[in-house]
Every structure is written in C-alpha cells, then in structure tokens.
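Chemist: Test case, fold it:
(one chain, ligands or ions: 2)
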Amino acid sequence: MMAHLIFAQSGPIFYTSPTNEPKSSVDPDAARTWGFFQVTNHVHQIIPRAAEKRRNRNSTRGELGGVMYAKEQRLVPGGGGHRHDSLQCGWPGGRAGGGDTGDLRKEVVEWDAHVKNVADKVMELLGLGLGLDAGKFKELTFSDGRAMVGHIYPYCPQPDLTLGITPHTDPGIITVLLQNEIQGLQVKHGDDWVDVKPIPGGLIINIGDFLQIVSNGEYKSVQHRVLANASREPRISIVTFINLVKWRDSDSYGPLPELLTPEKPAIYRDFTRQEFLKTFTAKDWIANLLWRKSNCDVLVCSNDECAKPDNGEC
Ligand SMILES: O=C(O)CCC(=O)C(=O)O
Ligand SMILES: [Fe+2]
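Modeler: Ligands and ions are numbered 1, 2, ... in the order given. Reported below is the predicted structural model:
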C-alpha cells in the first residue's frame, strides 16, 4: 500500500515562531515513530542557488579543496540505483565556506548559518523530549560538524527501472533537508514507503543513526529513498548532515548514561569514533548498504552485559 504523508495537515509537524523561538515542542511521536518531521515558519525562506548550478563533468567524482562533485553515483558496482548528481561542501568544526564554492560561497555560508540555527532549536527540543537539559546536545557540540550536499535528480524516462537514491539511513545526528516542489522522497513506515509531500519553504528533519544510539533507541533513524524523477523538471534537494565531531572531553560514545535505567538498559554498546566511521569506509559502506545494515545494526549490544545500566563495556 502506498500512503501519502502530508506533514502539514496531520502527524509529524513542529513550528517555530517568526522570531525562531520554539512555539510548541517537537511531537515526540514524530521522532519516535516516523523518524521524520517537518519544520515550517522558520525565518529564513531563501532557496539557495547552490544546487541550482549543475556541474557537467565527465569524471564520476572530482574533489576540489573541500568541495566534491559527484555525477550519477553508482555505489553498487553495475547497479543503477543512484540517478542523481551531487555537489558537497564539508566543513569540520563548524567553519562554513571552506573550499572552492566559487560564486556560491555567500549563499552556502548564509544557508549553513540558518540551518545550524534551526538545528540547534530542534535539538534543544529533542533533548527536552528525552528529559535532558535543553542545552545538553549543544554542550556535546552536536551541531559543530556539518556537511552540505546539493542533489539534483534529472528527468528519468524510465523511472520504474531505477531509483534516485537507494534505501538508506543517515549516519549522523540529524539531517536538515530542503526540497523543491518535485516530489520523490519516501520514508519507510512499517512495510510501506510513504511519500513526503513538499511544503514550500518547509525543512524536513530526520533522525540519524548516531542520535538513535545516543537516545538508546528512543528516536528512530528510519530508512528513506528517493524515486527516480519522472517529471521533466529536475528535482533539487539541499541536505545538511549534522555529523559527529567529538563529544566534549571524550573519545567514547554510546547511549547517554542519564537515559539508562534498570527498566531501560543500554541496547547499544559504547564505541569509538573510528568504529563508527568504519562502516563508512568504501568497502564496509557498500557491504552494509548491500546488507541493508546501518550503524545501529552494527553497534547493537551482542551479549547480556550490555543489558546492565551504567556498564559502559560490552
Ligand atoms: O534528496 C532527498 O530528498 C534525500 C537525500 C538523502 O536522503 C541523502 O542525501 O541522504
Ligand atoms: Fe538520506
């Protein structure tokens, strides 16, 4: 069954006021069951030009000072599952604008600042939703590592034969996504793939693997995919991944101890940054993709020791 999820009329939605102060809390159901919700009424309504500029390159990948262009990525050799081009700019440590974004630099920096602002508000509310202090995620420097990717999905004459992006979960903390009016993103909900209807100016937020683990499974990192674009107009999305940098004063990660109780023991083991990133080295990443495994599957507790709260080791 194919359902349509209209975020604006029912279900997962959360508003910020025109001054960007939270007006109501994140519907905990949205982050807990859907893993996706949408923010509207955020102050900044610019659609950055960043992804509008399509780079036609012969090479499949080109790197240039922190900016990467990827054309028709095919993660699975011989597979046809990634019918889109991407432009990615990453800046560890929250310093936007590194690399050669050329004449788009101003928009990229401006958009990044806005997304960080919205992400900080959202994470404040998600933290409160777990019973944590409002500033907890900020203290853990959650919004400091960001990568912005502009995807463009060209018209596909045979959309039934391929996908824009194959099913996956996002690895990081949260993802903030702006899409144009061409529909294509779908979210897995039970056995169904649910269409995410574009709302002009709406920002789609989804929970990543890292936040699922940190929240000890309370918030869900949900599979999503993008259909190949059957429309003559290109589909464009601008995605900011809020990623793991380094927890304050710590190199070890896992479910937050303050969330663990005898009734709700750790379901994930502690892990290092290297372990977490390992699933994203090319080989492991493709293997995990093929087996439909996310970090949450890889880092799940494998013995009874983990079921004891306050025990950091598995
Ligand atoms: O383009 C979209 O709507 C989704 C992109 C996405 O899921 C991703 O880049 O991880
Ligand atoms: Fe994604």
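Chemist: Which residues lie in contact with I182 in this structure?
Modeler: Residues in contact with I182 (Cβ atoms under 8 Å, 6 or more residues apart in numbering) are Y153, P198, N229, S231, E233, P234, R235, I236. In this view, the C-beta of every residue, glycine as well, is placed from N, C-alpha and C.
Chemist: how about 7 Å then?
Modeler: Residues near I182 by Cβ atoms under 7 Å, 6 or more residues apart in numbering: N229, S231, E233, R235.
Chemist: Let me know the closest of these to ligand 1.
Modeler: Nearest to ligand 1 out of the contacts of I182 is R235 (Cβ to the nearest ligand atom; 7.3 Å).
Chemist: okay, now whatever residue of the stretch 101-250 of the chain ends up closest to ligand 1: neighbour count?
Modeler: Among all residues of the stretch 101-250 of the chain, S237 sits closest to ligand 1, at 3.3 Å; criterion: Cβ to the nearest ligand atom. By the measure other Cβ atoms under 10 Å, the count of residues near S237 is 24.
Chemist: In helices, which of the contacts of I182 fall?
Modeler: If you go by DSSP state H, those have nothing in helices.
Chemist: Top of the residues you listed by number of neighbours, please.
Modeler: Greatest neighbour count in those, by other Cβ under 10 Å, goes to R235: 26 neighbours.
Chemist: Run through the residues that contact it.
Modeler: Y153, N180, I182, G184, N229.
Chemist: Run through the bridge partners of it.
Modeler: Y153 (DSSP bridges).
Chemist: going forward can the numbers begin at 18, since that is how I track them
Modeler: With the count now opening at 18, the last piece we talked about shows up as R252.
Chemist: separation between it and L294?
Modeler: Distance, R252 to L294, using Cβ to Cβ, to the nearest Å: 30 Å.
Chemist: Among the contacts of R252, give me the pair with the biggest separation.
Modeler: Within the contacts of R252, N197 and N246 form the most distant pair, 10.7 Å apart (Cβ to Cβ).
Chemist: The residue of the stretch 118-267 of the chain closest to ligand 1 falls within a strand, correct?
Modeler: Yes. Assigned with DSSP: H, G, I helix; E, B strand; the rest coil, S254 falls within a strand.
Chemist: which ones are touching it?
Modeler: H168, L194, L195, Q196.
Chemist: overlap between these and the residues near ligand 1?
Modeler: Restricting the contacts of S254 to those near ligand 1 by Cβ under 6 Å from any ligand atom leaves H168, L194, Q196.
Chemist: Show the contacting residues for the first one.
Modeler: Think H168. H168 makes contact with A68, H101, S103, I253, S254, V256 under the criterion Cβ under 7 Å, 6+ apart.
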